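> Need a 3D model of the sequence below.
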Amino acid sequence: MPSQQLIGKQIRKLGRTVLELKHSRRLSGASAGSGARPYLAAFALFFAVPLAGMAALYLSVPDETLTSTPNRHLTSVTVRLPDLRGQLYSENVAYEPVTHETLTRDADTLTSVFARLGIRDTAARRFIEQSEAAADLTAPAPGRFVTASIDEKGQLLELSFYIDSDVIDEGRRVRVRRTSDGFTCEQSAFDYAVELAMVNGRVRTGVEKSLSENGVPGSVVAQMHSAFDYDRDVVARLEPGDTYRLIYEKKYAQGSFVRYGRLLAMQLEHGGRTTELFWFKNDDEGGNYYTADGHISRRTFMRVPLDVKSVSSEFSPMRKHPVTGVIRPHYGTDFRAPWGAIVRAAADGVVDFAGVGTGYGNYIRILHGNEILTLYAHLSSIDPAVKKGAVVKRGTIIGRVGQTGLATGPHLHYELKFDGEQINPMTVRLPERPTLSPYRFAQMEVLVAPLRAKLALLARSEEPASTQTVNTAALTPSSAN
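Numbers count the residues shown, from 1 in each chain. Here you go, the predicted structure:
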């Protein structure tokens, strides 16, 4: 029975009960004490029935209407998906090329470079070995930057090889690329991204050790020495307490550091004097170091055209020959050096002879104009580019020290002739180069001005001599080259 009908039935029953009690009271005329009981019962019933009705109403309401969240039943149903593995395996998966980079090392070969780059491509190796344009990669000089892009099998997609040096400002990039027909190779001019390194310091013990401990790379130290003639080398004379300030290049390719470049400026304080030199490449002579007023830092001729400078036999009008024992003039200077040490052209000139002589062994003769001639003897080898008629610049590598001809040990025999007369290269007054022309000097002043400002900044940042650490390094975008 619905709850509404049940309540209505109870109310009607209550009404009838009340009426019957009232009627029986009238008829019986019961006493006041006995009449109270029916009234009390009626009142109790009157209150009990509504409460019972409400309880019945509550109990008759379904449970789901009393809660905010209905009961839920989870059912698991297994669904079989179609097998798509066959279709996935049949699709070609696309792999992104991987790029590797390396710097070539001493005694590197094409095979060792390929191994470090992860290249496993016989066809690419064969192409590079047979390509004249890529010949520099078959036996690369140390310090070359190489990048390669390969696929998942190690097959070469593209390779770039960068070529430049401290004496050649213009770089080249050799690029080998895979095409549908095989490989192509092309060369193009390339300029590195350049930053300037600024370093200053104070000599503590030896100059070489102090420079090295301050992070100055060996290639920059070598340029510091090469800015001077051997007998005027201020760098070699620096003593404890002397100071130096340097600005040199750091070269980058594709965001990676490749090598240190040109020393652009240096300021040395020694013995109460300041030496300040700047690199200027537009002097119509391939570049040299100049003072701020335009004077070149070196003579026209090197007194010692050799990286290793140790005199073993002086120029002498009378000397006993160490091999024959005959006393005769020694019109030259012998420099003791290890086998294979580098020999350089003492000045700009044209090769007059390069080959084998009797007593000289392998030797080279260079004409420098104005009846000036230099001769280099007892060489172990002569550079292939040094042939009769070849033009060489001061400092060009022309050969290597050896012991060919009449020689008791590896050394360089060096001669200098003016107007056909042999003279002592160690004592003669060598010709000086003129200063820059007004036009070139004006160009140099524009390039030198920001470098001088940076050197002044380094000088202001230095600590007193009593301080143990004097080392300031900073990087700024290149604006002086």
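> so what does the longest strand seen in the chain touch, helix or strand wise?
Taking DSSP state E as the criterion, the chain has its longest strand at strand 256-270. On a contact count with 3 or more Cβ pairs under 8 Å, 6 or more residues apart in numbering; DSSP states H and E, strand 256-270 meets strand 98-103, strand 145-150, strand 193-202, helix 218-226, helix 234-237, strand 243-253, strand 273-280, helix 438-461. C-betas here are computed from N, CA, C, even on glycine.
> rerun that using 7 Å as the cut-off
For strand 256-270, the packing partners by 3 or more Cβ pairs under 7 Å, 6 or more residues apart in numbering; DSSP states H and E come out as helix 218-226, helix 234-237, strand 243-253, strand 273-280, helix 438-461.
> Quick one: low-confidence residue ranges for the stretch 351-481 of the chain.
431-434, 463-481 (pLDDT under 70).
> again, only this time at 50
Low-confidence regions of the stretch 351-481 of the chain, defined here as pLDDT under 50, cover residues 465-481.
> Could you do the stretch 1-150 of the chain as well?
Applying pLDDT under 50 to the stretch 1-150 of the chain flags residues 30-34, 65-66.
> hmm, back to that, closest to residue 261 out of the helices and strands packed on strand 256-270?
Of all the helices and strands packed on strand 256-270, strand 243-253 sits nearest to residue 261, with 3.2 Å by Cβ to Cβ.
> hmm, back to that, can you say which of the helices and strands packed on strand 256-270 is packed in most?
Most buried of the helices and strands packed on strand 256-270 by mean neighbour count (mean count of other Cβ atoms under 10 Å) is strand 243-253; its value is a mean of 22.
> Output it as CSV - backbone C-alpha positions only.
Taking only C-alpha atoms (Å, rounded to 0.1, in the frame of the first residue of the first chain), the coordinates of strand 243-253 have been written out as CSV:
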residue,chain,number,x,y,z
THR,A,243,103.9,42.5,-17.1
TYR,A,244,102.2,41.6,-20.3
ARG,A,245,98.8,42.3,-21.9
LEU,A,246,97.5,40.4,-24.9
ILE,A,247,94.6,40.4,-27.3
TYR,A,248,94.2,37.4,-29.6
GLU,A,249,91.5,35.6,-31.6
LYS,A,250,89.4,32.6,-30.7
LYS,A,251,87.8,31.0,-33.8
TYR,A,252,84.5,29.1,-34.0
ALA,A,253,82.7,27.2,-36.7
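> Could you give the separation of that strand from the chain centroid?
Offset of strand 243-253 from its chain centre (Cα atoms, centre = their mean, to the nearest Å): 14 Å.
> Just name whatever secondary elements it is in contact with.
Taking 3+ Cβ pairs under 7 Å, 6+ apart as contact, the helices and strands that strand 243-253 lies on are strand 193-202, strand 256-270, helix 438-461.
> if we can go back for a sec, where does the longest strand of the chain sit relative to the chain's centre, distance-wise?
Taking Cα atoms, centre = their mean, one finds strand 256-270 lying 16 Å from the centre of the chain it belongs to.
> Tell me the neighbouring strands of that strand, and mark each as parallel or antiparallel.
Listed by DSSP bridges, the sheet partners of strand 256-270 and their directions read strand 243-253 (antiparallel), strand 273-280 (antiparallel).
> a markdown table please, covering these and showing mean pLDDT.
As requested, those are arranged in a markdown table below (pLDDT from 0 to 100):
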| stretch | mean pLDDT |
| --- | --- |
| strand 243-253 | 94 |
| strand 273-280 | 95 |
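> As JSON lines, these with distance to residue 102 would be great.
Conversion of the strands paired with strand 256-270 to JSON lines gives the following (distance: least, Cβ to Cβ, whole Å):
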{"stretch": "strand 243-253", "distance to residue 102": "12"}
{"stretch": "strand 273-280", "distance to residue 102": "29"}
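> Point out where the stretch 201-350 of the chain drops to low pLDDT.
Low-confidence segments of the stretch 201-350 of the chain, defined by pLDDT under 50, are located at 311-328.
> and with 70 instead?
Scanning the stretch 201-350 of the chain for pLDDT under 70 picks out 308-331.
> Can you tell me which of the helices and strands packed on strand 256-270 is nearest to residue 189?
Ranking the helices and strands packed on strand 256-270 by their distance to residue 189 (criterion: Cβ to Cβ) puts strand 243-253 first, at 13.3 Å.
> correct me, but residue 306 touches residue 411?
No - Residue 306 is beyond contact range of residue 411, at 9.5 Å (criterion: Cβ atoms under 7 Å).
> the more surrounded of the two?
More neighbours surround residue 411 than the other of residue 306 and residue 411, with 26 against 21 (other Cβ atoms under 10 Å).
> rewinding a little: out of the helices and strands packed on strand 256-270, the one nearest residue 185 is which?
Across the helices and strands packed on strand 256-270, the minimum distance to residue 185, taken as Cβ to Cβ, is reached by strand 243-253, at 18.4 Å.
> So what's the residue count around the closest residue to residue 409 other than its chain neighbours?
Excluding the flanking residues, the one nearest residue 409 by Cβ to Cβ, 6 or more residues apart in numbering is residue 403, at 6.1 Å. Burial of residue 403 is recorded as 15 neighbouring residues (other Cβ under 10 Å).
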